[in-house]
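Okay, here's the prediction I keep looking at, along with the sequence it came from:
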Amino acid sequence: MRDRFSPVGVRPFNRLLGSYTLNELGDSIGIVALAVLVYDRTDAVAPTAAFFIAAKFLPALIAPALTARLDQAALRRSLPGLYLVEALTFAALALVVSSVGSAKSAKSQQDSLKVAVVTDIGGLNDKGFNALAAKGLQDAKRQFGVEGRVFISKTQADYIPNMSRAARDDYDLVIANGFLMGDTLAAVAKRFPDTNFAIIDFPWVALKGKPKNARGLIFAENEAGYLAGVAAATVSKNGTVSSVGGQAVPAVVAFLAGYKAGAQKTKKGMKVLSGYSQDFVDQAKCKELALNQMEGGSDVVFAAAGGCGLGALQAAKERRAWGIGVDNDQAFLGTHILTSATKKVDTAVFETVKLVQDGKFKGGTDSLFNVKNGGVGFGKVSVRAPQRAALIAKLTAVSKQIAAGKIKIPKK
C-alpha cells in the first residue's frame, strides 16, 4: 500500500509498525493537535490547517532519518518503532503548539482594543442619536488608539447580523445604540459570553436572561426634557407649546414627560400638545405632525424623534416658530433652534470604551448619565432668543436645582 513505510531503508519500520499506516498515524496525531488547539481556545483556521498537514506528513519525513541512524535490533529490544515515531512527532508538534501559543499571547498584549458600534435604524445622517454614538467612537480612537468600526443598521433585520458579526470578528466591546435592540443584544450576548456588550437606553435589569457580560447605558432624559420645557414656556407668546415624539419607547416618553412638566411649572396654564409619529426616520411624518400642532396654536416645537424629528424642526422654521433639538446640540440647524435637550451619547460610548481599556468594565449593571454628571442638559441658546442672557441664567439655575435633587421630574 502506498501509505505504508515502503521506501528503501524504511522497510524495517514497516515490519515494526505492522498494519499501522501513515494515514492512521497522521490522523491520530492530527486529532491530538486539534485537541490542543481547542484546549488553547485558538480559533484561527490557518494554524489548524497547518497542524493537520504537519500531523499527516511529518511521520513520513522523519522515518528515513530514524532508520538511517538507529540500530534496528536495539530499537526492537527497547522502544517499539511505532511509539518512537509517535513520541518524536508529538514532541515536534508540541513545540509548534507552544510557539503558536506564545505568539498568540504576545500578539494579544500588543493588539489595540477593538470596539464596534451598531447603529439603530436611520444611520449616521440623523444628526443626533446615531451620529453622536459614532462621534464617541471616533473620540475613543483618537484618545486611546482603539480600533473601531460602525455597523450600520438600515432596518431592524440588520440588528442580529451586525452584532453577531462584530462578536465573531473578535471585537472586545460591542455597543448597541438604541432601546429597540434590547432583545437582540440579550440573545447575542448569551451566544458570545466572552465579548463585552453595552446598550444605550436599555437598563440591564430589563434584558432577557440578564447576561452578565452586558451593561446598560441609560440617561435621565426627563431632566433634559424638563429644561427644554422651561425654555419653551419662557419664550412662548401663544401660551401653547408642543412636542413630537418618534415611537413611545421609554427614552422618548421620558423626554416628553419632562418637557410637559417643565413648561407647566414655568408658566401656569401653559398648554402642551404632544404626539408620536411612530417613526424615527421619515421626516415627512414628523413634519406633518408639527404642522398640525402649530395649526393648534403651538409656537415652540420640541422634536424627540431621531432623524424624523428634523422634519418637525424644518416645519418650525418654515412657520417662523421656535424649534428645540434633541440628543445632539442641534444649533447648527439654524437660529430658529431655541436650544436642545442634550443627551451625550458620545460621552456614554467614550466612557464605556475607557472602562474596557482600563480593565474596569463590569456587566450586570448600568451607567447612568444625568444633569449632575453632565450626561444630559441643554444646548446652545439661539442668538435670536428674547432676553437670551436671562434665559441662559434661568436654565443654569434650574440645572443646579435638578442636580441637587430639589426638583422631582416625572418619567412618564
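Thanks, I have it.

show me what contacts K411?
Residues near K411 by C-beta atoms under 8 Å, 6 or more residues apart in numbering: 222, 250, 253-254, 257-258. Placement of C-beta: from N, CA and C, glycine included.

Would you agree it falls within a helix?
No. Counting by DSSP: H, G, I helix; E, B strand; the rest coil, K411 is not part of a helix but coil.

And the strands in this structure?
Counting by DSSP state E, the chain has these strands, from start to end: 114-118, 147-151, 173-177, 196-200, 214-219, 240-245, 271-276, 300-304, 322-327, 337-343, 365-369, 376-378.

most tightly surrounded among those strands?
Between these, strand 300-304 has the highest mean count of neighbours, a mean of 33, where neighbours are mean count of other C-beta atoms under 10 Å.

domains of this structure?
Following automatic domain parsing, one gets these domains for the chain: 11-110, 114-219, 221-343+381-403.

In a markdown table, list these along with distance to K362.
Formatted as a markdown table, these follow (distance: least, C-beta to C-beta, whole Å):
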| stretch | distance to K362 |
| --- | --- |
| domain 11-110 | 21 |
| domain 114-219 | 7 |
| domain 221-343+381-403 | 23 |
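
For G364, which of the ones you listed is the nearest?
domain 114-219 (5.0 Å; C-beta to C-beta).

quick one: that closest one to chain centroid distance?
2 Å (C-alpha atoms, centre = their mean, to the nearest Å).

Give the rounded mean pLDDT of it.
Per-residue pLDDT over domain 114-219 has a mean of 96.

Between the two ends of that domain, how far is it?
End-to-end distance for domain 114-219: 25 Å, by C-alpha to C-alpha, to the nearest Å.

Likewise for stretch 211-231?
By C-alpha to C-alpha, one end of stretch 211-231 lies 40 Å from the other end.

Tell me the buried residues in that stretch?
211, 213-231 (16 or more other C-beta atoms under 10 Å).

Mark which of those are part of helices, please.
221-231 (DSSP state H).

between these, which is nearest L355?
E221 (22.1 Å).

what residues are up against that closest one?
Per C-beta under 8 Å, 6+ apart, neighbours of E221: 251-252, 254-255, 258, 341, 343, 376.

same thing with N370?
N370 touches 219-220, 223, 376, 403, counting by C-beta under 8 Å, 6+ apart.

could you dump these to JSON lines with distance to A397?
Formatted as JSON lines, the contacts of N370 follow (distance: C-beta to C-beta, whole Å):
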{"residue": "F219", "distance to A397": "22"}
{"residue": "A220", "distance to A397": "18"}
{"residue": "E223", "distance to A397": "14"}
{"residue": "V376", "distance to A397": "17"}
{"residue": "A403", "distance to A397": "11"}
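
if we can go back for a sec, looking at the contacts of K411, which is nearest G363?
P250 (20.6 Å).

is it true that the closest one touches G178?
No. Under the criterion of C-beta atoms under 8 Å, P250 is not in contact with G178, lying 11.4 Å apart.

and these two? which has more neighbours close in?
Counted by other C-beta atoms under 10 Å, P250 and G178 do not tie: G178 has more neighbours, with 27 against 16.

Please name the nearest non-neighbouring residue to that one.
Leaving aside its sequence neighbours, G178 sits nearest to D120 (C-beta to C-beta, 6 or more residues apart in numbering; 3.4 Å).

what residues are up against that neighbour?
129-130, 153, 177-178, 180-181, 280, 306.

Okay, it and N162: tell me how far apart.
11 Å (C-beta to C-beta, to the nearest Å).

Stretch 372-391: end-to-end distance?
Using C-alpha to C-alpha, the two ends of stretch 372-391 sit 20 Å apart.

And stretch 191-204, by the same measure?
End-to-end for stretch 191-204, by C-alpha to C-alpha: 17 Å.

Mind checking which of the contacts of D120 are buried?
129-130, 153, 177-178, 180-181, 280, 306.

hey, what's the residue nearest the centre of the chain bridged with?
By C-alpha atoms, centre = their mean, the chain has its centre lying nearest to I175, at 1.3 Å. With beta bridges defined as DSSP bridges, I175 has these partners: V117, A198.

What is the burial count for the residue lying closest to I407 once chain neighbours are set aside?
For I407, ignoring the flanking residues on the chain, the nearest one in space by C-beta to C-beta, 6+ apart is Q401 at 5.1 Å. Number of residues near Q401 (other C-beta under 10 Å) recorded here: 11.

What of I392?
I392 has 16 nearby residues by other C-beta under 10 Å.

Give the closest residue to it in space, chain neighbours not counted.
Looking at I392 with C-beta to C-beta, 6+ apart, the closest residue is V381, at 5.2 Å.

per-residue confidence averaged over stretch 357-373?
pLDDT averaged over stretch 357-373 gives 97.

Would you check that G225 makes contact with I324?
No. The pair G225 / I324 is not scored as a contact, 9.6 Å apart, by C-beta under 8 Å.

quick one: contacts for A131?
124-125, 328.

F144: which of these is nearest?
Nearest member of these to F144, counting by C-beta to C-beta, is L124, at 21.3 Å.

Counting neighbours, what do you get for that closest one?
If we define neighbours as other C-beta under 10 Å, then L124 has 16 of them.

Ramachandran angles for P193?
Per-residue torsions, P193: phi -70, psi -20 (degrees, to the nearest 10).

Find the nearest non-adjacent residue to it, please.
Per C-beta to C-beta, 6+ apart, closest to P193 is N213, 5.6 Å.

roughly how far apart are the one you found and V381?
To V381, N213 is 42 Å away according to C-beta to C-beta.

And L113, how far from S340?
Counting by C-beta to C-beta - L113 and S340 are separated by 31 Å.

Overlap of the contact sets of D120 and N162?
With C-beta under 8 Å, 6+ apart, D120 and N162 have common neighbours S153.

Now do the contacts for K285.
K285 neighbours (C-beta under 8 Å, 6+ apart): 277-279, 308, 311.
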